[in-house]
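Novice: Sequence below, structure please.
(chains A and B)
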Amino acid sequence: MIASAWVRWRMRLGAALLATFAGVAILAPVIAPNDPNSQFQDKAYAPPMRVRIAEGGSIRAPFVRQQVLEDRLARRFRDSDTTPLTLIWFSDGRLVTLEPSDGPLLLLGADSLGRDLFSRLVHGARLSFALAALGVAGALVLGALIGGLAGSAGGGIETGLMFITDFFLVLPGAYLVLVLRGALPLILSTTQVFFLMAALFAVAAWPHAARGVRAIVATERQREYAMAARAAGAGPLRLMRHLLPAARSFLGVEIMLLIPALLIAEATVSYLGLGFPVPTPSLGTMLQDAAKVSLMREAPWLLAPAATLFVVVLAVQLVVWTSAPATDLLVGRRRTQ
Amino acid sequence: MNADLAAFIGRRLAAALLFVVVVSCAAFVLVRIAPGDATTDLYMQRGGTAAVEETRARLGLDRPMVSHLASWATGLLTFDLGQSSVYGRPVAGLVKERAGATAALASLALLLAAAIGLPLGVLTASRPAIAAAVAPISIALVACPPIIAVLALLLLAIETGWLSIAQGSYAVPTLALALPLAAMLERLQSRAMAEALASPDLVAAAARGVPRGRLLWVHAARQSLRPVLGIAGAVVGTLFSGSLAVEMVTSWPGLGRLLFDAVAGRDLFLAAGCALVGAVLVAVSNLLADVARALIDPRVREAA
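Specialist: Okay, here's the model as predicted:
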């Protein structure tokens, strides 16, 4: 009983995290306090601003302190003691900002060019998430069509299509994407990258879905309604239309598995410099800054995109990983009962 | 040795050979049809048309694709993979040493992951207390694909000095590959064990009074081998994909980084060579897994 409550709680936590992530991605322009690409002078490597509500022992509206650059070479900042900067809510179409004369609000600090890391992260998550979603949609359509056709046609078509599927299935995804990416121009605009990468990801990710759909549809083909449809003269395509709905719940699980996989794929490709171009923020392009060993100690906030990826993948794991507690099935326990 | 097993291995070998040929030719064609070639940088830098034409002729880029591909494929028979335009070295030697580095990294990570994950999976399936302690760690690690894990380990290494981050040190790259895989194997083994323990023959064995340790580590563990070996192909893919990210972050001189250099530099022969060797590695690993499966489960031999 306790175990199942824990499973339910875990699923809810994962779903809540995913919903938050999706909400932030959709509302990115409202949530980001600054333009993701504007570079603020003297703010390079500024640490995250701490939002405070207590001043001199009394509670007041949330505020931050102005950051003063102490040492440009050592990139050392300190909080100034002058009047606190009160956060401004819902002004100018943004959730929270500072008075323009007070400078930028840097909730997660700034990157090497003095850009607001939080705004870049929010916009980057939006772009990466949209790309992953489009890629998943493409992969599922391809997988459902190929797997569905194989399963409902049977015979030679099935053998041939499954041979191709297995061929793609054993290719390491990252290598496949890298080589396919190699066949495209190296320099592309953000829009081009978005659609081309979604297509590449669909090509790399469909086989697993196709295999699952084929298995389900092939089983379904033995049922009476399928036989009736065939007896009534339905060809493989029409039969597939009747059989595919049986794979719906499988495809639902597949979405949950593919979204993190494609987020990671985007991160890898963009990290390599073959994804979104500079200065477009995405989780992958931001990893380029995060992966600099020399900066990790001084500016750990640059790892925020990696942490974001971790939380998203974790959330999916929490939702998907619903195995019944294995210990309930243990023979040793049965013996004691 | 029985005949059906030999026939099975023969069919698998033929499929593997076809796989290697198709993958390397496809890589060749893809990089060849890509806009821009190995002379693009040369053209951009010096603008000398004569030098560009000369290089294109030397690399065979002025020939029609089919004859170019055919001559490359003929060279394969004598292990001549052509000359890399990025490195200015024969591709064969380059690819051999880099593939060795990746294979060393991946196999070490696989060994480590199996050594941690599989026994732990048996334990979590049988002992609730251990399961409760391991499960959160396991979920967190599964959510740490190598590209995230390598960053986390680098941060750990810098903050604590527990791991060496020196160039060529195995610690960070191996752990980054092994930890998520170990967690995945632990989950899988645990589930397979649970299913095995619930099967009627195991219940019967328990009823006969087979000791608990023997029941777990011999009877159930043997049954759980089949589903675990079933995902061997996926594990190989995960290892290679993860290795690419890890190699890029830690500057590990492996096959993934070489392929990246080839693709970014439009190095036709190098890209094709990397694809060839990568395909061989993938095919051999899958072949080994298939043979292992066929050995423990006769049904597999007839199926494919």
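
Novice: alpha carbons only for contacts and neighbour counts from here, please
Specialist: Will do.

Novice: gap between the residue in the stretch 51-200 of chain B that chain A sits nearest to and residue A:200?
Specialist: Taking CA to the nearest CA, chain A has its nearest neighbour within the stretch 51-200 of chain B at residue B:143, 4.8 Å off. Applying CA to CA, to the nearest Å, the value for residue B:143 to residue A:200 is 23 Å.

Novice: Pop out the phi and psi values for the residue of the stretch 51-200 of chain B closest to chain A.
Specialist: With angles defined as degrees, to the nearest 10, residue B:143 sits at phi -80, psi 10.

Novice: Correct me if wrong: it contacts residue A:310.
Specialist: Yes. Look at residue B:143 against residue A:310 with CA atoms under 8 Å: they come within range, at 5.9 Å.

Novice: What residues does the stretch 101-250 of chain A have near chain B?
Specialist: When proximity is defined by CA under 8 Å from any CA of the partner chain, the stretch 101-250 of chain A lies next to chain B at A:167, A:170-175, A:178-180, A:182-186.

Novice: one step back: between residue B:143 and residue A:200, which has more neighbouring residues?
Specialist: Each of residue B:143 and residue A:200 has its neighbours counted (other CA atoms under 10 Å in any protein chain shown); residue B:143 has more, 25 against 18.

Novice: since we're on residue B:97, how many residues are nearby?
Specialist: 14.

Novice: C-terminal to the helix or strand hosting it, what's the next element?
Specialist: If you go by DSSP states H and E, residue B:97 is part of helix B:91-126. Going down the chain from helix B:91-126, the next helix or strand is helix B:128-142, by DSSP H and E.

Novice: where in the stretch 201-304 of chain B is pLDDT low?
Specialist: Scanning the stretch 201-304 of chain B for pLDDT under 70 picks out B:302-304.

Novice: Those residues of it touching chain A, which are they?
Specialist: B:202-203, B:206, B:212, B:233-234, B:236-238, B:240-242, B:244-245, B:248-249, B:256, B:260, B:263-264, B:266, B:271, B:279, B:282.

Novice: Sort out for me which of these are in strands.
Specialist: Among these, no member falls in strands (criterion: DSSP state E).

Novice: Any quick PyMOL command for the buried ones out of those?
Specialist: Remark: buried members of those, expressed as a PyMOL selection using 16 or more other CA atoms under 10 Å in any protein chain shown:
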select buried, chain B and resi 202+203+206+233+236+237+238+240+241+242+244+245+248+249+256+260+263+264+266+271+279+282
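
Novice: Count the residues that sit near residue B:223.
Specialist: 18.

Novice: Next, find the distance separating the closest residue to it other than its chain neighbours from residue A:205.
Specialist: Sequence neighbours aside, residue B:196 is the residue nearest to residue B:223 in space, at 6.0 Å (criterion: CA to CA, 6 or more residues apart in numbering or on different chains). Distance, residue B:196 to residue A:205, using CA to CA: 31 Å.

Novice: cool, residue A:123 as well?
Specialist: Distance from residue A:123 to residue A:205, by CA to CA: 25 Å.

Novice: Please compute how far stretch B:258-270 lies from its chain's middle.
Specialist: Computed by CA atoms, centre = their mean, to the nearest Å, the chain-centroid distance of stretch B:258-270 equals 19 Å.

Novice: mind exporting it as CSV, just the C-alpha atoms?
Specialist: In CSV, the C-alpha atoms belonging to stretch B:258-270 read as follows (Å, rounded to 0.1, in the frame of the first residue of the first chain):
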residue,chain,number,x,y,z
LEU,B,258,37.1,11.8,-35.6
LEU,B,259,33.7,11.4,-37.4
PHE,B,260,32.8,14.9,-36.2
ASP,B,261,36.1,16.3,-37.6
ALA,B,262,35.4,14.5,-40.9
VAL,B,263,31.9,15.8,-41.2
ALA,B,264,32.8,19.4,-40.2
GLY,B,265,35.8,19.4,-42.5
ARG,B,266,33.9,17.7,-45.4
ASP,B,267,36.5,14.9,-45.3
LEU,B,268,34.9,12.3,-47.6
PHE,B,269,37.3,9.4,-47.1
LEU,B,270,37.6,10.0,-43.4
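
Novice: Show the contacting residues for the spatially closest residue to residue B:232 that is not a sequence neighbour.
Specialist: Nearest residue to residue B:232, sequence neighbours excluded (CA to CA, 6+ apart): residue B:289, at 6.2 Å. Each residue near residue B:289 by CA atoms under 8 Å, 6 or more residues apart in numbering or on different chains is listed here: B:229, B:232-233.

Novice: could you give the angle of whatever helix or strand residue A:7 lives in to helix B:128-142?
Specialist: Using DSSP H and E, residue A:7 sits within helix A:2-26. If you take axes from the mean of the first three to the mean of the last three CA atoms, to 10 degrees, helix A:2-26 sits at 10 degrees to helix B:128-142.

Novice: next helix or strand past helix A:2-26?
Specialist: Helix A:2-26 is succeeded, C-terminally, by helix A:28-31 (DSSP H and E).

Novice: Not counting that next one itself, show me its contacts.
Specialist: A:24, A:93-96, A:119, A:122-123, A:126.

Novice: The same query, at a cut-off of 10 Å, please.
Specialist: For helix A:28-31, the external contacting residues (CA atoms under 10 Å, 6 or more residues apart in numbering or on different chains) are A:22-25, A:35-36, A:90-97, A:118-127.

Novice: So what's the residue count around residue A:100?
Specialist: 8.

Novice: related to what we said a few turns ago, for chain A, state which of the contacts of residue B:289 is nearest.
Specialist: Closest to chain A, out of all of the contacts of residue B:289 and judged by CA to the nearest CA, is residue B:233, at 6.1 Å.

Novice: Could you point out the longest strand of chain A?
Specialist: Under DSSP E, chain A gives strand A:58-64 as its longest strand.

Novice: Off-centre distance for that strand?
Specialist: Worked out by CA atoms, centre = their mean, strand A:58-64 lies 34 Å from the chain centre.

Novice: so residue A:95 makes contact with residue A:105?
Specialist: No. Counting by CA atoms under 10 Å, residue A:95 does not reach residue A:105; the two are 11.7 Å apart.
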